[in-house]
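1. Return a 3D structure for these sequence lines:
(chains A, B, C and D)
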Protein chains: 2
Amino acid sequence: MEQLFAYFRKFNSLSKESEEAIAEISSSITIKKNKDLQSIGHTCKTIYFIKKGVARIYYLHKGIDITENFFFENNIIARVESLLTGKPSRKAIQILEDAEIISINANALFELYDRFHEIERLFRKIFEAAYVDTVNRIEGIQFHTAEERYKALLHEAPDVLKRVPLKYVASYLGITQVSLSRIRGHR
Amino acid sequence: MEQLFAYFRKFNSLSKESEEAIAEISSSITIKKNKDLQSIGHTCKTIYFIKKGVARIYYLHKGIDITENFFFENNIIARVESLLTGKPSRKAIQILEDAEIISINANALFELYDRFHEIERLFRKIFEAAYVDTVNRIEGIQFHTAEERYKALLHEAPDVLKRVPLKYVASYLGITQVSLSRIRGHR
DNA sequence: CTATTCCTTTATCATAAGATAAATAATTAA
DNA sequence: TTAATTATTTATCTTATGATAAAGGAATAG
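-> Predicted coordinates:
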């Protein structure tokens, strides 16, 4: 759990009591490459923290597999739309490298918000940061060519290109696999 | 202020004490069409609520004016990246129709988080909703043609097209004004 | 009311990326 | 190891959108 608390500390430090309360509603899992941690149509009631490994959130658009985002170790991952609405998610979480994961019961966590103001504060800050990241990503998508987006990824997150199959990267960049391959050819 | 509290109630109801505390750190302003409520380079320390009128957030990308988003009455508007980082914003808020606005002192609001847990909860929920909206917008941008995006806007937010100059809508949709005009011509 | 400025449309040409097909290359299973 | 499957690249053709220029409309200031 220490690894998770270290991640939390980047946003908001917690008291020992809060950390223990979170530990009580959490459990560890290991899961193999290419398995779906959660599948499409399942209502999300869990927040995950990746201790080790890589995952992605994906969905189907007109029958085509689209990667919404990649998640590496020391990050949390959840299908937030489903978590917040209580509706089945159109999205799935797939493991791309054998992973060690902490799963946190989301409803139990939300109940902790009442007892521990600082836990709610922590997640407020996490969401604020996620919101800003996402707004910035819109700018990246809308005003850069696919080639610029590829080069930015190569520069800012070279791990993605080293550890993830290119076919998943293509849809994350908003282009076809064939286009990505063509862009990589321009050297 | 009642109009603002009614908006808040959609996310989280507040006690009279909380409402009064927010009222104390708020003030009303009126501002004319085409004026910048906040300009580029200014550090954002205010959250606004639009009682009446229309506004947009815009920034310059390679010298070209880009609309990040439109905001109509009964919504809050803020340059969140600047608010959270304390750094000058690359973005500006411009009024597109004569407006009546409530301005909330952001630092004073953040201090209220300590005294009124429910106010922090309210803003947690507002950010969660904004995050989900933004993630969905990425899908719209990435996997629909400009024409589909235009038609979706026409269907979901016809007010934008009625009340806002098309040149601002074009960059919001991620296309040039000329392309938007061509798309509108396809009937 | 008129002149000026700004907004929107139309037209032409150039180009990045999509669709499809097929050839390699890499990975996985038997 | 070999066969089968899956991933990536290359090639060809098509199309949506960008860039630029210019004309027509609408709004605003004086």
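2. Assess the claim that residue A:76 and residue A:129 are in contact.
-> No. Using CB atoms under 8 Å, residue A:76 makes no contact with residue A:129, being 11.0 Å away. C-betas here are computed from N, CA, C, even on glycine.
3. Now do the spatially most central residue of chain A, the pLDDT please.
-> Computing the C-alpha centroid of chain A and ranking residues by CA atoms, centre = their mean puts residue A:77 first, at 3.5 Å. The model reports residue A:77 with a pLDDT of 97.
4. Residue A:187 now?
-> 60.
5. With residue A:141 instead?
-> Model confidence at residue A:141 (pLDDT) stands at 88.
6. Quick check: it vs residue A:167, distance?
-> Going from residue A:141 to residue A:167 by CB to CB, to the nearest Å gives 19 Å.
7. Same drill for those two, tell me which one is more crowded.
-> residue A:141 (17 against 13; other CB atoms under 10 Å in any protein chain shown).
8. Where does the more buried one fall, secondary structure wise?
-> helix A:117-143 (DSSP states H and E).
9. got the angle between that helix and helix B:117-143?
-> 20 degrees (axes from the mean of the first three to the mean of the last three CA atoms, to 10 degrees).
10. Who are the packing partners of helix A:117-143?
-> Other helices and strands packing on helix A:117-143, by 3 or more CB pairs under 8 Å, 6 or more residues apart in numbering or on different chains; DSSP states H and E, are helix A:16-24, helix A:106-115, helix A:146-156, strand B:64-71, helix B:80-85, helix B:117-143.
11. Of all these, which one is nearest DNA strand C?
-> Among those, helix A:146-156 comes nearest to DNA strand C, with 3.2 Å by CB to the nearest atom of the strand.
12. Briefly note if the closest one comes near DNA strand D.
-> No. Helix A:146-156 is not in contact with DNA strand D by CB under 7 Å from any atom of the strand; minimum separation 10.7 Å.
13. for that helix, packing partners?
-> Looks like helix A:146-156 contacts helix A:117-143, helix A:158-163, helix A:166-173, helix A:177-185 (3+ CB pairs under 8 Å, 6+ apart).
14. Pull the distance from the second one to the chain's centre.
-> Here the centre of helix A:158-163 is set off from its chain's centre by 15 Å, with CA atoms, centre = their mean, to the nearest Å.
15. Convert that helix to CSV, retaining C-alpha atoms only.
-> Taking Å, rounded to 0.1, in the frame of the first residue of the first chain, the C-alpha atoms of helix A:158-163 are listed here in CSV:
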residue,chain,number,x,y,z
PRO,A,158,8.5,7.3,-25.1
ASP,A,159,7.4,4.5,-22.8
VAL,A,160,4.1,4.3,-24.6
LEU,A,161,5.9,3.5,-27.9
LYS,A,162,8.3,1.0,-26.3
ARG,A,163,5.8,-0.9,-24.2
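16. now what about that helix, what contacts it?
-> Here helix A:158-163 makes contact (CB atoms under 8 Å, 6 or more residues apart in numbering or on different chains) with A:54, A:70, A:72, A:96, A:97, A:153, A:154, A:169, A:172.
17. avg pLDDT for stretch A:53-70?
-> 94.
18. which of the residues in it are buried?
-> A:53, A:54, A:55, A:56, A:57, A:58, A:59, A:66, A:67, A:68, A:69, A:70 (16 or more other CB atoms under 10 Å in any protein chain shown).
19. ok so, going back, quick one, the helix holding residue A:141 and helix B:166-173 angle?
-> 110 degrees.
20. tilt between helix A:117-143 and strand A:64-71?
-> 130 degrees.
21. ok now helix A:117-143, how far from the chain's centre?
-> 12 Å.
22. Next: stretch A:54-61.
-> On CA atoms, centre = their mean, the centre of stretch A:54-61 falls 9 Å from that of its chain.
23. Give me the contacts around it.
-> In contact with stretch A:54-61 (CB under 8 Å, 6+ apart) are residues A:37, A:40, A:48, A:65-73, A:77, A:79, A:90-97, A:99, A:163-164, A:168, A:171-172, B:139, B:143.
24. cool, stretch A:12-28 as well?
-> A:1, A:4-5, A:8, A:51, A:100-105, A:108-109, A:112, A:115-116, A:118-119, A:121-122, A:125.
25. how about that stretch: buried residues?
-> For stretch A:12-28, by 16+ other CB under 10 Å, it's A:12, A:14, A:18, A:19, A:21, A:22, A:26.
26. Check stretch A:160-174 too.
-> A:160, A:164, A:168, A:169, A:170, A:171, A:172, A:173, A:174.
27. Stretch A:108-123 too?
-> Buried residues in stretch A:108-123 (16+ other CB under 10 Å): A:109, A:112, A:113, A:116, A:117, A:119, A:120, A:121, A:122, A:123.
28. which residue sits closest to the third one, ignoring its sequence neighbours?
-> What that stands for is residue A:113. residue A:120 (3.9 Å; CB to CB, 6 or more residues apart in numbering or on different chains).
29. show me what contacts that neighbour?
-> A:113, B:117, B:120, B:121, B:124 are the contacts of residue A:120 under CB under 8 Å, 6+ apart.
30. Can you give me the distance of the second one to residue A:4?
-> Separation of residue B:117 from residue A:4 (CB to CB): 24 Å.
31. can you check the last one too?
-> To residue A:4, residue B:124 is 20 Å away according to CB to CB.
32. Kind regards, and thank you for your time.
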